[in-house]
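> Please work out how this folds:
(one chain, ligands or ions: 1)
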Amino acid sequence: MSCPFHTQPDPFREARERDGVLVNNFQGNEVPMVLRHSEVRAAAKDWQTLSSDAPMRVPIPSEEEVRTVRQLPLEVDPPAQSDYREIAEPFFARAKLPEVIASMETLVAELLDDALTRDVVEIVREFAIPLQSRALAILTNLPDAEARIWIGWGTHVFREGDGTSKGAALETYINQLLDDGMRVPSDSFFSALTRATFQGRPLTREEMMGFCSIMFAGGRDTVINSVSGVIAHLGVAPADFAWLREDQRRIVNASEEFFRVISPVTHLARVATTEIRMPGKHVHPGDLVALCFASANYDANVFDCPEETRLDRKPNPHVAFGFGPHLCLGAAHARLVVRTLLKGLCERVRGIEIIEAREKLEKETSYQRSLAYDRLHVRLLAKG
Ligand code: HEM
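Residues are numbered from 1 along each chain as shown. Predicted coordinates:
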């Protein structure tokens, strides 16, 4: 079923079916957004024409005002990108270790038990942010206590709710973590970076910061929005919740469908290296082109009834985590968080009553998209 709180499930359908491109004005620039599944995939692989070598400009809106370092390996092209990726991969692979899976289960159980003692829980602040922050401490191999600082950051690490920058404070904090990691060598991600080498030489401090920047930013609102989106859906679709409780082996497919439907990253940009004629826009070298993952995930040529949440959907070739060389490094971690959450809910909760939901809207000049919640008040009902 579709979620009744989502007032704009697919704002891209008309343009996707018309000619596959929607031009939107982002920060004063007319940026064509590629909308079709096949074309988003092709564009994501064609780094020679659509390059990620664009520091601070891959995210939309651009982050030139809020950070000074190039995020790695996001904002660089192959072949250097794959060498950078190798440095971070062992940490992202931790999401598959039995002890990491066990720590995540303990964390989810603790947070759910706490939520069940309360009459009403505000899921974004009181559940999703602590879960994401503490899960990141597990992934980066830092003590849980460090996550207390991260919980205070809110949904976004770079911008306050009113848009003002808090990027400088984040970079100061990252520098401190790296200094500590260098002074007292440990198995944390931050300490490991200070010993890592790239093509036979030590990383520069700027490169280390680039890895840390995306570690804190890339998986923050994405995971928080996934968590609130999952909980809201199970609240409005109790039959889906009962179906999952009936057989927990259904959780893996269900998680993929949640990532598809929620599509936490609407789009990311590339910089054209050559002239490209696109419907509605003649692209010149240096211009931005956006890959719209949220649109591709609702392409009816690939997904039957794309606006419906079908937890048994299979196959599910969604591109919520991107495609091609930059395929999300944090996907295993995000999957672990969502699957463990679903398992914990199935084991501990018999129902979710939605008390109040304030939808988050991405308002742009040419489209408006629902993206999870600013606030979600629910009552969790304990299993007997
Ligand atoms: C539901 C959660 C998430 C979603 C939907 C998501 C989405 C994406 C997407 C679409 C890309 C592709 C970027 C591109 O093509 O330019 C990406 C890359 C990346 N993500 Fe995620 N992400 C999620 C969680 C995370 C987490 C938890 C982390 C880290 C803790 C993370 C770290 C990264 C990194 C490092 C890359 C760059 C990979 C590369 O350039 O080789 N992501 N993510």
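> Pull the CA coordinates from the helix or strand in which S226 is found and hand them back as CSV.
Remark: S226 resides in helix 221-236, with elements defined by DSSP states H and E. Output of helix 221-236 as CSV, limited to C-alpha atoms (Å, rounded to 0.1, in the frame of the first residue of the first chain):
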residue,chain,number,x,y,z
ASP,A,221,20.0,12.0,7.2
THR,A,222,19.8,9.0,4.8
VAL,A,223,19.7,6.5,7.6
ILE,A,224,17.6,8.7,9.9
ASN,A,225,15.0,9.2,7.1
SER,A,226,15.0,5.4,6.4
VAL,A,227,14.3,4.7,10.0
SER,A,228,11.4,7.1,10.3
GLY,A,229,10.0,6.0,6.9
VAL,A,230,10.0,2.3,7.9
ILE,A,231,8.3,3.0,11.3
ALA,A,232,5.7,5.2,9.7
HIS,A,233,4.9,2.6,7.0
LEU,A,234,4.5,-0.2,9.6
GLY,A,235,2.2,2.2,11.5
VAL,A,236,-0.1,2.9,8.6
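> Any part of it near the ligand?
Yes - residues of helix 221-236 contacting the ligand under Cβ under 6 Å from any ligand atom: T222, V223, S226. In short, each C-beta sits where N, CA and C put it, glycine included.
> One more: stretch 357-376?
No - remark: stretch 357-376 sits outside contact range of the ligand, by Cβ under 6 Å from any ligand atom, the gap being at least 10.6 Å.
> which other residues reach that stretch?
With Cβ atoms under 8 Å, 6 or more residues apart in numbering as the test, stretch 357-376 has contacts from 5-9, 11-12, 22-26, 122-125, 224-226, 228-229, 231-232, 262, 264, 266, 294, 354, 356, 377.
> Which of those residues fall within helices?
Of the positions in the contacts of stretch 357-376, I123, I224, N225, S226, S228, G229, I231, A232, I262, A294 sit in helices, assigned by DSSP state H.
> and which of those is nearest the ligand?
Lowest distance from the ligand to these (Cβ to the nearest ligand atom) belongs to S226, with 4.6 Å.
> Look at the closest one and say how many residues are nearby.
26 (other Cβ atoms under 10 Å).
> Kindly report the same for the one 5 residues further on.
If you count neighbours by other Cβ under 10 Å, I231 ends up with 27.
> what's the answer for E364, then?
Going by other Cβ under 10 Å, the residues that sit close to E364 add up to 17.
> How about P78, nearest residue that isn't a chain neighbour?
P325 (5.2 Å; Cβ to Cβ, 6 or more residues apart in numbering).
> Just give the number of residues close to the residue lying closest to L116 once chain neighbours are set aside.
Spatial nearest neighbour of L116, excluding adjacent residues (Cβ to Cβ, 6+ apart): A382 at 4.9 Å. By the criterion of other Cβ under 10 Å, A382 has 13 neighbours.
> who's in contact with A382?
Going by Cβ under 8 Å, 6+ apart, A382 touches L116, R348, V349, R350.
> go on, F258?
S226, G229, V230, H233, T309, V338.
> pLDDT wise, what is it at?
pLDDT for F258: 98.
> just checking, it is part of a strand?
No - counting by DSSP: H, G, I helix; E, B strand; the rest coil, F258 is not found in a strand; it is helix.
> Please name the nearest non-neighbouring residue to the residue of the stretch 151-300 of the chain found nearest the ligand.
Closest residue of the stretch 151-300 of the chain to the ligand, Cβ to the nearest ligand atom: G219 (2.2 Å). In space, and not counting its chain neighbours, G219 is closest to G330: 4.5 Å by Cβ to Cβ, 6+ apart.
> Among the contacts of stretch 357-376, name the buried ones.
Neighbour counting by 16 or more other Cβ atoms under 10 Å classes 5-6, 9, 11-12, 22-24, 26, 122-125, 224-226, 228-229, 231-232, 262, 264, 266, 294, 354, 377 among the contacts of stretch 357-376 as buried.
> rewinding a little: and for the residue nearest to G219, the neighbour number?
Neighbour count of G330, defined by other Cβ under 10 Å: 22.
> how near is it to the ligand?
To the ligand, G330 is 2 Å away according to Cβ to the nearest ligand atom, to the nearest Å.
> okay but H156 is in contact with R220, surely?
Yes - H156 is within contact range of R220, at 6.8 Å (criterion: Cβ atoms under 8 Å).
> who has more neighbours, those two?
Legend: neighbour count by other Cβ under 10 Å for H156 and R220, higher for R220 (21 against 15).
> quick one: pLDDT of the more buried one?
Value listed for R220 in the pLDDT field: 95.
> Over to it: give its phi and psi.
Main-chain dihedrals, R220, degrees, to the nearest 10: phi -90, psi -80.
> who are the neighbours in contact with it?
Q132, W153, T155, H156, V157.
> Got a PyMOL select line for the buried ones in those?
If you want just the buried ones from the contacts of R220 in PyMOL, going by 16+ other Cβ under 10 Å, the selection is:
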select buried, resi 132+153+155+157
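> Am I right that L268 sits in a strand?
Yes - the assignment for L268 by three-state DSSP puts it in a strand.
> shouldn't it be in contact with R57?
No - look at L268 against R57 with Cβ under 8 Å: they stay out of range, at 9.9 Å.
> you'd agree A93 is up against G330?
No - counting by Cβ under 8 Å, A93 sits too far from G330 to count as a contact (11.2 Å).
> Close to the ligand: what parts of this structure are there?
So the chain meets the ligand at 44, 52, 58, 73-74, 81, 85, 139, 214-215, 218-219, 222-223, 226, 259, 264-265, 268, 293, 320-322, 326, 328-330, 333-334 (Cβ under 6 Å from any ligand atom).
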